[in-house]
Structures are given as structure tokens and as C-alpha cells.
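Undergrad: predicted model, plus sequence, below.
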Amino acid sequence: MTPQMYDRLWHAFLDTLTMVGVSAIVALLAGIPLAVFLVLSAPGGLIHAPRANRVLGAVINGFRATPFIVLLVALLPFTRLVTGTTIGVWAAIVPLSISATPFFARIAEVSLREVEHGLIEAAQAIGCRRWHIIRHVLLPEALPGLIGGFTITVVSMIGASAMAGAVGAGGLGDMAIRYGYQRFDTTVMLAVIVVLIATVCLVQFIGDTAVRRLRAR
């Protein structure tokens, strides 16, 4: 590849990093509260809200069942309303965040459900309030699973961000389509694939290392 193409590859990587990074933060901040509510409002939970639990669960399942490329197109009017455009990095962040949040919420829900119920009962027995149980029992005990689930979410978002390049979102996917596929340049395609694989491996390594250290404590 030419030096100019290497420069484009670097900028495409930074665009992908921006898309995934911002969307991952949104998914983390929104997904954990959703997961906590799903766990607490389930039958036998600390909050008696079965109807809200069913409605929220149905909405989350609906978004999870929708393929990302379909969701990307369906959200174009909303994306334009939020960002003022339907192309570019920041336009891709909207559907990426909306797609990743319910995905992570379900994974986080599973991790929170695995916390020993006896710990929650013990906290209730000593008079802990609901917020203290969430903060000092549920989240700390489920932290390794939450980090592992967040790692899986980020990895899936990297693939989704590449798919978003098909509709002009920018990033590595856009570069692979525009300069690799449409120009029949195998070198560019291979370079993008190598960068994507290396990025996924790095994210997975960081996540696995964090989980191992937390479980070793």
C-alpha cells in the first residue's frame, strides 16, 4: 500500500475507535441500570413491578432480535434528528448504542442473577437498604461477569461498526468497501481485516486479564 493509503487506514482505525468507544460507554451506562431493574423486578426480587419487568423485557428482546443493518436503516430519521446527519462517525454512534445497550443489558442480567441469593438475604437481615445492596453486594459480586460480558459486547460492536461502513458511516468497514471491494484492491482488504482481528484480540485479552485478576482476589 502507498503511504497515503496507510494514512487513510490510520484515520479509519481512529474513526472505528471513536464509534465503538463512545457507543460502548453509552451501552455500559444504560445497560447496567436496565439489567439491575430486570433482576430486582423479577418474581421474588426486591422490587415488585412484574408488569414493568415484562414490558422492558419485551422491548429489549425486540431490539436484540432486529439485525443491526435493519436497525441502522430503520433509525435513520431518529439519527438525523439527534445528530443532524445520517452519514459519518457520529451518525453511526446512535444505532450502535441502541443496538449494543439491550445486548449488554441481557448479558449483565445473567451475571447479576448468578450472585448468591444468600448474600442478598444477609444484607437485608442487617438492615441494608436497596441501594446499598445494589452497590455493595450485587455489582461487586457480579463484576467479573459484567466485565466479561462487556468485553463480548465491545467485540460485537467492532463487527457492527465495520458493517455500518456499508452505509457511509466511515471507519474500517467504509475503507474496506470503498478502497478494497469497489476498487478490487486485495491488499487494502487484507490490511483492514488484519487491523480488525488485532483490535478484537487486544480487547479480548484486556477483558480476560481483568476478569482473571478480579476472580483471583
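TA: Everything's here; your move.

Undergrad: nearest spatial neighbour of Gly45, chain-adjacent residues omitted?
TA: The shortest distance from Gly45 to any residue other than its chain neighbours is 6.2 Å, reached at Val39 (C-beta to C-beta, 6 or more residues apart in numbering). Backbone N, C-alpha and C define where each C-beta goes, glycine included.

Undergrad: and the gap between the one you found and Arg106?
TA: As defined by C-beta to C-beta, to the nearest Å, Val39 lies at a distance of 11 Å from Arg106.

Undergrad: if we can go back for a sec, what secondary structure does the residue nearest to Gly45 sit in?
TA: For Val39, the assignment made with DSSP: H, G, I helix; E, B strand; the rest coil gives helix.

Undergrad: got the contact list for it?
TA: With contact taken as C-beta atoms under 8 Å, 6 or more residues apart in numbering, Val39 is in contact with Gly45, Glu109, Leu112, Arg113, Leu138.

Undergrad: which one of the residues you listed is nearest Val192?
TA: Distances from the contacts of Val39 to Val192 were compared by C-beta to C-beta; the smallest belongs to Glu109, at 34.1 Å.

Undergrad: follow-up on the earlier one: quick check, nearest of the contacts of Val39 to Leu34?
TA: Scanning the contacts of Val39 for proximity to Leu34, where the rule is C-beta to C-beta, the winner is Glu109, at 8.0 Å.

Undergrad: and the closest one, what helix or strand is that in?
TA: helix 89-113 (DSSP states H and E).

Undergrad: which residues touch the helix or strand bottoming out on mean pLDDT in the chain?
TA: Lowest on mean pLDDT, DSSP states H and E among the helices and strands of the chain sits helix 117-125, with a mean of 77. Defining contact as C-beta under 8 Å, 6+ apart, one finds that helix 117-125 is touched by Leu46, His132, Ile133, His136, Val137, Leu138, Glu141.

Undergrad: next one: that helix to chain centre, how far?
TA: Taking C-alpha atoms, centre = their mean, to the nearest Å, the mean C-alpha location of helix 117-125 is offset from the chain mean by 31 Å.

Undergrad: check which element follows it along the chain.
TA: helix 130-133.

Undergrad: packing partners for the very next helix or strand once past that following helix?
TA: Sequence-wise, the next helix or strand downstream of helix 130-133 (DSSP H and E) is helix 139-164. Packing partners of helix 139-164 (3 or more C-beta pairs under 8 Å, 6 or more residues apart in numbering; DSSP states H and E): helix 3-40, helix 68-74, helix 89-113, helix 171-175, helix 186-216.

Undergrad: can you pull the buried residues of the second one?
TA: To tie it back to what came earlier, the one meant is helix 68-74. Across helix 68-74, burial judged by 16 or more other C-beta atoms under 10 Å covers Phe68, Leu71, Leu72.

Undergrad: out of these, which is nearest to Val192?
TA: So of the buried residues of helix 68-74, ranked by how close each gets to Val192 (C-beta to C-beta), first place is Phe68, at 18.5 Å.
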